[in-house]
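*Asks:* Dropping a prediction and its sequence here:
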Amino acid sequence: QVQLVESGGGLVQAGGSLRLSCTASGRIFSRHIMGWYRQAPGKQRELVAAISSGGSINYVDSVKGRFTISRDSAENTVYLQMNSLKPEDTAVYYCNLESIVTMMGYWGKGTLVTVSS
């Protein structure tokens, strides 16, 4: 099994920055995708950004140019640097790991990001 632990959420004013971290532990195959999803109240969970073990990166259009995803493969950690935050970025942010080998997905418990106007 794989465990994901997130940290770094909090309250920030619009225009501010936060960095989220997610560390994976357990049986992690080398080929996988790690990403961040978010779910705002009353809305569906959406993919924010993802990075593959091969280095491919994807962002949802609404965060391009403001958010940066990166990873430390040696530490099985993925980061989400969030700049120029907007009130509409307020959500619970979830870390996700998808194994390309086993086709199984894992979720963290989530961390709340609140952006005040």
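*Replies:* That came through fine.
*Asks:* Do me a favour and get the backbone dihedrals for residue 27.
*Replies:* For residue 27, the backbone dihedrals (degrees, to the nearest 10) come out as phi -90, psi 90.
*Asks:* Can you tell me how far residue 50 is from residue 59?
*Replies:* 8 Å (Cβ to Cβ, to the nearest Å). The C-beta positions use only the backbone N, C-alpha and C, and glycine is treated the same way.
*Asks:* three-state assignment of the spatially most central residue of the chain?
*Replies:* Taking Cα atoms, centre = their mean, the centroid of the chain lies closest to residue 36, which sits 2.3 Å from it. Remark: residue 36 carries the secondary structure label strand [criterion: DSSP: H, G, I helix; E, B strand; the rest coil].
*Asks:* Test my guess that residue 71 contacts residue 51.
*Replies:* Yes - look at residue 71 against residue 51 with Cβ atoms under 8 Å: they come within range, at 5.4 Å.
*Asks:* where do the contact lists of those two overlap?
*Replies:* Taking Cβ atoms under 8 Å, 6 or more residues apart in numbering as the contact criterion, the common neighbours of residue 71 and residue 51 are 34, 78.
*Asks:* When those two are compared, which one has more neighbours?
*Replies:* A count of neighbours by other Cβ atoms under 10 Å puts residue 51 above the other of residue 71 and residue 51, at 22 against 18.
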